[in-house]
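**Student:** give the three-dimensional model of this entry:
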Amino acid sequence: MSGYTPLTRDDLAADGVGSSALERLLGTGEVVRLRPGVYLRPERDSAPKPEEWIIARAQALAMVSRERPLFSHLTAAALHGLPVHGPPSPKVHVIVEPRRPGAATGVVRHRGEVPLDQIVERHGLRCTSLDRTLADIARTTAFETAVCALDAGLRLVAAPALGTHLPHAEEEQRERIREISSRSAHGRARALRSIAFADGRAQLPGESISRIRLRELGFAPPDLQVAIPGPSGRDYYVDFGLSDVCAWGEFDGETKYRDDALRSGLTLDQVLLREKQREDWIRGRTQRPLARWQWSHLRTADALGRRLSAFGIRPL
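**Tutor:** Alright, predicted model coming up:
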């Protein structure tokens, strides 16, 4: 057995892994203990993503629980397919009834009542609904973590495809999230700040953090996913239109270069050539500078500011 499915000792034994072999595999990292008696055997060629670790830990808790847990907050975010940006944590989040006693190892318990219409099932596990999850995250997590999740959650409703934006649907969802978060006295102001800043047009967590850094630097709110007519009749989309300084910006993640599926069968050299041709066209057609940046430039606002200054792009 392998992959991202949690395994019991019996599962491992059926696969020929006895006690001595298990201890050896735990030592080499080929098997990871998720909870006492529950393990994960990651694929050798691809380590689980942070969100996949979260889901695996939630599945492990469900396997040993007498009652089906109700997963919430960042754990529910991963179950909904949202990014969980921030320091990794081995703990899973659940909501339990206020009077329920006790605690569990590796579990963050949030006490409260959850209406039935805010409970759904994902990956075979019970969790809070998308809107409830986003409201809880907005109330309880750091601004950057919340914005990454909110951007992705709004995108599911308001920007289902590149070049498509449904502002009315986005505002309706934003209001639902705001209304749910306002029912709690804890973190209300924090939630309102994150919800107001979120934008469903952002495509990746790197774009979400970029928007935060651009605001910290003093740029006006950028236009997102700006369409520019290309030479073949198809539009090119630029991540950020910095209209106040007549420039373009793009977050340049490594996934599109390393992921075979995203390269659409092209070699790395072909992808790089295509990107260069695209960038040359955008600069030539618009007569605006275009700056690219990576995660290393997003550690602080100053780091991004230095990167932009190298292209002659500075806030007014």
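**Student:** secondary structure class for Ile282?
**Tutor:** Following DSSP: H, G, I helix; E, B strand; the rest coil, Ile282 is assigned to helix.
**Student:** for the closest residue to Pro315 other than its chain neighbours, phi and psi?
**Tutor:** Nearest residue to Pro315, sequence neighbours excluded (C-beta to C-beta, 6 or more residues apart in numbering): Gly218, at 3.9 Å. All C-beta atoms are positioned from the backbone trio N, CA, C, and that covers glycine. When read as degrees, to the nearest 10, the backbone of Gly218 gives phi 100, psi 10.
**Student:** what packs against the helix or strand hosting Glu216?
**Tutor:** Assigned by DSSP states H and E, Glu216 falls within helix 205-217. Packed against helix 205-217 by the contact rule (3 or more C-beta pairs under 8 Å, 6 or more residues apart in numbering; DSSP states H and E) you find helix 143-158, helix 188-197, strand 235-242, strand 247-251, helix 301-309.
**Student:** which stretches of the stretch 1-150 of the chain have low pLDDT?
**Tutor:** Applying pLDDT under 70 to the stretch 1-150 of the chain flags residues 1-3, 100-103.
**Student:** and the helices in it, which stretches?
**Tutor:** For the stretch 1-150 of the chain, the helices defined by DSSP state H, counting those that start in this stretch cover 9-14, 19-28, 50-64, 73-79, 130-140, 143-158.
**Student:** got the angle for the helix or strand that the last one is followed by vs helix 143-158?
**Tutor:** Which is helix 143-158. Scanning forward in sequence from helix 143-158 by DSSP H and E, the next helix or strand is helix 167-181. Orientation of helix 167-181 against helix 143-158 (axes from the mean of the first three to the mean of the last three C-alpha atoms, to 10 degrees) gives an angle of 130 degrees.
**Student:** rewinding a little: who's in contact with the helix holding Glu216?
**Tutor:** 83, 85, 143-144, 147-148, 151-152, 197, 199, 202, 221-222, 224, 239-240, 242, 249, 251, 253, 293-295, 298, 300-301, 304-305, 308, 315 (C-beta atoms under 8 Å, 6 or more residues apart in numbering).
**Student:** then stretch 149-164?
**Tutor:** The contact list for stretch 149-164 (C-beta under 8 Å, 6+ apart) reads 74, 77, 80-85, 130-131, 133-134, 137-138, 141, 165-167, 169-170, 173-174, 177, 194-195, 197-203, 205, 207-208, 225, 227, 235, 237.
**Student:** list buried residues within those residues.
**Tutor:** Buried by 16 or more other C-beta atoms under 10 Å: 74, 77, 80, 82-85, 130-131, 133-134, 137-138, 141, 165, 170, 173-174, 177, 194-195, 197-203, 205, 207-208, 225, 237, out of the contacts of stretch 149-164.
**Student:** picking that back up, isn't the residue nearest to Pro315 up against Gly305?
**Tutor:** No. Gly218 sits out of contact with Gly305 when judged by C-beta atoms under 8 Å, with a separation of 9.1 Å.
**Student:** what touches both of the two?
**Tutor:** Common neighbours of Gly218 and Gly305 (C-beta under 8 Å, 6+ apart) do not exist.
**Student:** out of these two, which sits in the busier spot?
**Tutor:** Gly305 (20 against 12; other C-beta atoms under 10 Å).
**Student:** gap between the more buried one and His85?
**Tutor:** Per C-beta to C-beta, to the nearest Å, Gly305 is found 21 Å from His85.
**Student:** what's the closest non-adjacent residue to Ile313?
**Tutor:** Ala247 (4.7 Å).
**Student:** which strand or helix spans Gln225?
**Tutor:** Gln225 is part of strand 223-229 when elements are defined by DSSP H and E.
**Student:** okay, now the sheet partners of that strand, with direction.
**Tutor:** Strand 223-229 has the following sheet partners, assigned by DSSP bridges: strand 235-242 (antiparallel).
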